[in-house]
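In: test case, fold it:
(one chain, ligands or ions: 1)
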Amino acid sequence: MIRVSENAGFCFGVRRATDTIESLIKNMREGDVICTLGKLIHNEQYCDYLKAHGVREVSGDSLDGLYELAKQGKSVTLVTRAHGIERELSARLESFSDSCSTFKVVDATCPYVTKIHKIVKENSDKDKHFFIIGGENHPEVRSIWSYVDGKGHICADSGELENTISGLTDLEKGVVCVAQTTQKLSEWKKCQQIIKKYCTNAKIFDTICSVTEKRQAEALELSRLCDVMLVIGGKDSSNTAKLYQICCANAKKAFWIQTKDDIPFDQIATTDKIGITAGASTPDSIIQEVKRTMSEIMENFAELFEASEKETQKIYKGAIVKGIVMSISENEISLDLGVKHTGTIKRDQITSDNEVKLSDLFKIGDEIDAKVIAKSDLDGITLSKKVVDDVKNWEKIVEYANNGTVVDAVVTKATKGGVIVAVDGVEVFVPASMTGVGKDKDLGELVKTAQKIKIVEIKEDRRRAIGSIKAVIREEKKAQQEAFWASVEEGAEFEGAVRSITPYGAFVDLGGVDGLVHITELSWKRIKNPSEVVSVGDTIKVFVKSFDKEAKKISLGYKTDDQNPWNVFKSKYAENDVAQVKIVGITSFGAFAEIVDGVDGLIHISQIANKKIDNVAEAIKVGDVVDAKIVAVDDEKQKVSLSIRALLPEEEVANEDAPVAEEAVADAE
Ligand code: SF4
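Out: Next comes the predicted model:
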């Protein structure tokens, strides 16, 4: 569906001006000079048309020359523009035409604008504040301004008006306000309210042209119904700019085009509802051309789009074009664009990396996209790949941010508040707090390292992206923890680093989750502090003794049965074996001797020598290493009885009453 706004295109004032000049052209004789003072209307194509028909566009500086020509007998006709001219200029032209019959002035000022000039003349004086709501550089506003006597103010919008009027103290002397004829209606309404707020007896003249109002209202209605709005008009046309603003705010997409050649085929779908509106200076022929082109496109969109891709490689400044790499030198590459001229991309429009060789980036035959940045018959077509890449890369960054994608990046430099990382050619800032590096650590250590980051914030207006390394670390840790808790089971073995030590145990990193090895689980021997067995940073093997998924607590074991001294003893010795033992303690009833690390045996006083002794220390002392026979082993109580005497020659053994092995064990208890 394509709908054209009823009031699109030439308004009454513009039509009047164009009809005037076209009738002059029709009756133009050889040698006649017809000029417009500035652009007759704000439409480049129409001004080109006038030029092609011999109409010259002149500025105020040329008037004296034209007057001289007229005085020499030439027929000079000067047509003033639809937006009106300044009072002084008007007076000067009047005096020229009064004094020279061949100097004619044709006033093509729109009657609506002339009416505003009259309002200003009649209502401004030295005491009153005269407000014009409009663009200060617009020819219409400049012409209105030239008629203001006394205190005048030009405000572009309600914001500027509020700022200006709130600073004035003598408003009671009178306030008058008019609007540029093409002012946006909603903005004008706001301005009226502001004026009334500050001055109850202000004179407000509704000078917005009714055609403008209608056109804006239609654009609003149409853009709400359509997916795509095409706004046709010159880029310096104020009323077209306002239509475009309205369409942008209400349609899904809006494009400001000047002719059918600007239609963005690639951004319009066959199913889109299309609306067309046009500024007051847009000739009907251009509107009809756009409409016709759009109808054809919508009828056979696919073919036309393909054709436009292939053939209509439109080369104009700002166009994105495709080209095939034809040659590569140290400082530029040349592209075949499928048109007469070759495209050239200089090195600085390809990459910022001065080290890289262009021949490493491209090969002959590569197809690449580039933007036309200049075009001339002399220099050919100058292109930029960087601009296209920047846009594409930025779009990727926005997509990463929207999708929460984790991306690979390289840290390029450290700054005062963080680090800069390069992601797909875009510099992303990672604040220090999001680097995962401790407060007192040097961020410079990250430079040239590869990191995984997430884009956490986008500032579209400034094309700035904020990244976080910490967010990735946090997520990875969370995933690790979830996987751990989903699979953990008692007895599972892990190898992990000791992260910290407390008086009651050591915490071991099992991969995102810390488990505790209680002090009693560290050693079979009695220890006073875990540091007697492990140190922070040690990698140790542990196993899961128990865990609580809810409380996220896990108890680990470190000592194993293999290391259990009793088991070690049992694996090495049995009753009646002889062991080399070390005396580790002496009591009144005997001596304790270490058999293996962690297992001591008792040598009863009666089993130390082959004669009766009253004092153990007489025969043996701590530190002595002696051979002893294992005479009894109590598995249940994990007690061992030893005898030196049993190894002495039988004949030397004194006939004493020695206790049996079981009795010796009982003594030890
Ligand atoms: S938009 Fe209105 S004021 Fe401006 S030239 Fe057209 S008719 Fe005149």
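In: what separation do you get for the residue of the stretch 201-350 of the chain found nearest the ligand and residue 281?
Out: Residue of the stretch 201-350 of the chain nearest the ligand, by C-beta to the nearest ligand atom: residue 209 (3.0 Å). Using the backbone N, CA and C atoms, a C-beta is placed for each residue, glycine as well. Residue 209 sits 13 Å away from residue 281, taking C-beta to C-beta, to the nearest Å as the criterion.
In: so those two - more neighbours on which side?
Out: Of the pair residue 209 and residue 281, residue 281 is the one with more neighbours under other C-beta atoms under 10 Å, namely 30 against 23.
In: helices of the stretch 251-400 of the chain, residue ranges please.
Out: Secondary structure of the stretch 251-400 of the chain by DSSP state H, counting those that start in this stretch: the helices cover 284-299, 301-310, 358-361, 385-403.
In: distance to residue 324, mean neighbour count and mean pLDDT for those - can I get that in JSON lines?
Out: What follows is these, written out as JSON lines (distance: least, C-beta to C-beta, whole Å; neighbours: other C-beta atoms under 10 Å; pLDDT from 0 to 100):
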{"stretch": "helix 284-299", "distance to residue 324": "27", "mean neighbour count": "16", "mean pLDDT": "84"}
{"stretch": "helix 301-310", "distance to residue 324": "13", "mean neighbour count": "13", "mean pLDDT": "49"}
{"stretch": "helix 358-361", "distance to residue 324": "15", "mean neighbour count": "14", "mean pLDDT": "91"}
{"stretch": "helix 385-403", "distance to residue 324": "13", "mean neighbour count": "16", "mean pLDDT": "90"}
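In: turn the ones you listed into CSV, including distance to residue 373.
Out: Formatted as CSV, those follow (distance: least, C-beta to C-beta, whole Å):
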stretch, distance to residue 373
helix 284-299, 27
helix 301-310, 21
helix 358-361, 18
helix 385-403, 7
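In: go through the ones you listed and name the closest to residue 563.
Out: Comparison of the helices of the stretch 251-400 of the chain against residue 563 by C-beta to C-beta identifies helix 385-403 as nearest, at 51.8 Å.
In: which is the next helix or strand following the closest one?
Out: As assigned by DSSP states H and E, the chain's next helix or strand after helix 385-403 is strand 406-414.
In: what are the buried residues along that following strand?
Out: 407, 409, 411, 414 (16 or more other C-beta atoms under 10 Å).
In: what does stretch 568-588 give?
Out: Buried residues in stretch 568-588, defined by neighbour count with 16+ other C-beta under 10 Å: 568, 569, 573, 579, 581, 583, 586.
In: which members of those are positioned in strands?
Out: Using DSSP state E, the members of the buried residues of stretch 568-588 that fall in strands are 579, 581, 583, 586.
In: the stretch 301-450 of the chain against the ligand: which residues are in contact?
Out: Not one residue of the stretch 301-450 of the chain sits near the ligand, judged by C-beta under 6 Å from any ligand atom.
In: low-confidence stretches in the stretch 301-450 of the chain?
Out: Along the stretch 301-450 of the chain, the model assigns pLDDT under 70 to residues 301-313, 340, 377-378.
In: mind telling me what element residue 10 is part of?
Out: Applying DSSP H and E, one finds residue 10 in no helix or strand.
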